[in-house]
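Asks: following is a predicted model, sequence given first.
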Amino acid sequence: DTGVSQDPRHKITKRGQNVTFRCDPISEHNRLYWYRQTLGQGPEFLTYFQNEAQLEKSRLLSDRFSAERPKGSFSTLEIQRTEQGDSAMYLCASSLAGEGVEAFFGQGTRLTVV
Amino acid sequence: QKEVEQNSGPLSVPEGAIASLNCTYSDRVSQSFFWYRQYSGKSPELIMSIYSNGDKEDGRFTAQLNKASQYVSLLIRDSQPSDSATYLCAVGTSGSRLTFGEGTQLTVNP
């Protein structure tokens, strides 16, 4: 399978715990994006990387959120001290570099904070 | 005003009919436009991209773009029950990130 891969697919955590998600992009894609989607809404942009550089972060990305892409390949998204409002689907997408390029999504990680 | 607005749903059409999905956007400098299909509980799947004014056809799908009116639409001909899903309009903004509408839920009735 050469698509975008996310792990885990589902995560249930207690409020206050830290969680980390992983995304493996399509191998030749140098851009990687994180989005968050809640029920009945479209995905909301969180951040994106070109290679290992984090080029843009949404103001939605509070101090409790951090993303890395250390070698320009896979990326991790960590949420510290989770809150119930963090419950959502976390989507990763990848694309080639350039304006207006097509982005392809992974299966998503559904986070439930109890 | 929302950056990307889609026609409110849900939309229900009979099998074999044409489904019309509409989207307007607020940023005049946007240059890239996408339609994604999302089945319940699944992630968005890219079905069409369009960059120039006019129509772009791909099988049963036709995307239409009018930059002067800041309007983009998706037509699905010969709708099938398997087309039942939420359709997301996405607009490429600065830095290549996408801004999505809330989606229109389509149901095709057999």
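Replies: Looks like it arrived, so ask away.
Asks: from here on, just use CA atoms for contacts and neighbour counts.
Replies: Fine.
Asks: quick one: pLDDT of residue B:95?
Replies: With respect to pLDDT, residue B:95 scores 63.
Asks: please name the residues that touch the residue nearest in space to the middle of chain A.
Replies: When C-alpha atoms, centre = their mean is applied to chain A, the residue found nearest the centroid is residue A:34 (3.2 Å). Shown in contact with residue A:34 (C-alpha atoms under 8 Å, 6 or more residues apart in numbering or on different chains): A:45, A:46, A:47, A:48, A:90, A:91, A:92, A:93.
Asks: any idea what it is bridged to?
Replies: residue A:47, residue A:92 (DSSP bridges).
Asks: quick check: it vs residue A:17, distance?
Replies: Residue A:34 is 21 Å from residue A:17, where distance means C-alpha to C-alpha, to the nearest Å.
Asks: over to residue B:6?
Replies: Taking C-alpha to C-alpha, one finds residue B:6 at 37 Å from residue A:17.
Asks: looking at the two, which is more packed in?
Replies: Comparing residue B:6 with residue A:17 by other C-alpha atoms under 10 Å in any protein chain shown, the one with more neighbours is residue B:6, at 23 against 12.
Asks: pretty sure the more buried one contacts residue B:24?
Replies: Yes. Contact criterion C-alpha atoms under 8 Å: residue B:6 and residue B:24 qualify, at 6.5 Å.
Asks: show me where pLDDT drops low in the chain?
Replies: Using chain A. Residue ranges of chain A with pLDDT under 70: A:1.
Asks: meant chain B actually
Replies: B:94-95.
Asks: close to chain A: what parts of it are there?
Replies: Contacts of chain B with chain A, taken as C-alpha under 8 Å from any C-alpha of the partner chain, map to B:31-33, B:42-46, B:49, B:88, B:92, B:95-103.
Asks: just to revisit the earlier point, max pairwise distance over the contacts of residue A:34: which two?
Replies: A:48 and A:90 (13.3 Å; C-alpha to C-alpha).
Asks: point me to the residue of chain B nearest chain A.
Replies: Closest residue of chain B to chain A, C-alpha to the nearest C-alpha: residue B:102 (4.4 Å).
Asks: I figured that residue hits residue A:41, correct?
Replies: Yes. Counting by C-alpha under 8 Å, residue A:41 is a contact partner of residue B:102 at 4.7 Å.
Asks: who's more crowded, these two?
Replies: More crowded of residue B:102 and residue A:41, by other C-alpha under 10 Å: residue B:102, with 24 against 14.
Asks: which residues does the more buried one contact?
Replies: Per C-alpha under 8 Å, 6+ apart, neighbours of residue B:102: A:40, A:41, A:42, B:5, B:6, B:88.
Asks: from chain B, how far out is the third one?
Replies: The one in question is residue A:42. 4 Å (C-alpha to the nearest C-alpha, to the nearest Å).
Asks: tell me which helix or strand that residue sits in.
Replies: Following DSSP states H and E, one finds residue A:42 outside all helices and strands.
Asks: distance of it relative to residue B:43?
Replies: Taking C-alpha to C-alpha, one finds residue A:42 at 11 Å from residue B:43.
Asks: many thanks, I have nothing further to ask.
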